[in-house]
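Novice: generate a structure from the sequence data that follows.
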Amino acid sequence: MLRLLYQHYAQDIDVALNEAGFGDLRPAHANVFPFLSAEGISVSELAAHARVRKQTMAEAVEQLERLGYVERRPNPGDRRSRLVFPTGRGASVKPVTHGTAERVEERWAQLTSPEELEALRASLLRLLTELKAK
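Specialist: This next block holds a predicted model:
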C-alpha cells in the first residue's frame, strides 16, 4: 500500500516539476536532491543515504551534471575525491518539490483528517527509526 500511495505522490511531484520547467528530471534523480547541501557531499555518501549502489548514484550525478543541476568540485579534505554541489538550477528544484509535497499532504489530510495523517506520519517515522537502529 505504501508503494501505491507513493506512486500518487511521485506523480504529483513529476507534474509540478514539469510545470516549473524541470521536465528533464527522471525518477532516478530523486535519489540525489534530498541529500544535496551547500557544503557538498561525495557520491559514496549520496549512495549510502539513498541506499543505492555507488555506480547507480554516480550515473545519476553524471546525468544531473550534464543537465546543469549539480557540479563536482575537488574535496578540500581529500584530494583524491570530489564533492557534489547543487548549482543555482539544482537548488531551485527543492522549493518546487517541497511546496508540492505540502499541497499533497494537505489534500491527504482533507481526504482523511489532519489527525489521521499525523498518526500515519508518526507511525512511519517510528518504523523508520527502528529499522535504522538495526
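Novice: which residue is nearest the centroid of the protein?
Specialist: Centroid check for the chain by Cα atoms, centre = their mean gives residue 34 as the closest residue, at 3.3 Å.
Novice: distance of that residue from residue 78?
Specialist: Distance of residue 34 to residue 78, given as Cβ to Cβ, to the nearest Å: 23 Å. Every C-beta, even on glycine, is put in place using the N, C-alpha and C of the backbone.
Novice: one more: residue 4?
Specialist: From residue 4 to residue 78 the distance is 42 Å (Cβ to Cβ).
Novice: could you pull out the helices for this structure?
Specialist: Under the criterion DSSP state H, the chain carries helices at the ranges 2-19, 43-50, 54-67, 88-91, 93-111, 114-133.
Novice: could the ones you listed go into CSV alongside mean pLDDT, mean neighbour count and distance to residue 28?
Specialist: Putting these into CSV (pLDDT from 0 to 100; neighbours: other Cβ atoms under 10 Å; distance: least, Cβ to Cβ, whole Å) gives the following:
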stretch, mean pLDDT, mean neighbour count, distance to residue 28
helix 2-19, 95, 13, 12
helix 43-50, 96, 17, 10
helix 54-67, 98, 17, 5
helix 88-91, 97, 15, 15
helix 93-111, 97, 14, 14
helix 114-133, 95, 10, 22
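Novice: out of these, which comes closest to residue 30?
Specialist: Ranking the helices of the chain by distance to residue 30, with Cβ to Cβ as the measure, places helix 2-19 first at 7.6 Å.
Novice: I'd like to know which elements that closest one is packed against.
Specialist: helix 93-111 (3 or more Cβ pairs under 8 Å, 6 or more residues apart in numbering; DSSP states H and E).
Novice: what's the helix it packs on in contact with?
Specialist: For helix 93-111, contacts defined as Cβ atoms under 8 Å, 6 or more residues apart in numbering pick out 8-9, 12-13, 16-17, 20, 22, 25, 33, 69, 86, 116-117.
Novice: repeat that with 6 Å
Specialist: Contacts of helix 93-111 with the rest of the structure, by Cβ atoms under 6 Å, 6 or more residues apart in numbering, involve 9, 12, 13, 16, 17, 20, 33, 117.
Novice: surely residue 46 meets residue 34?
Specialist: No. Under the criterion of Cβ atoms under 6 Å, residue 46 makes no contact with residue 34, lying 9.6 Å away.
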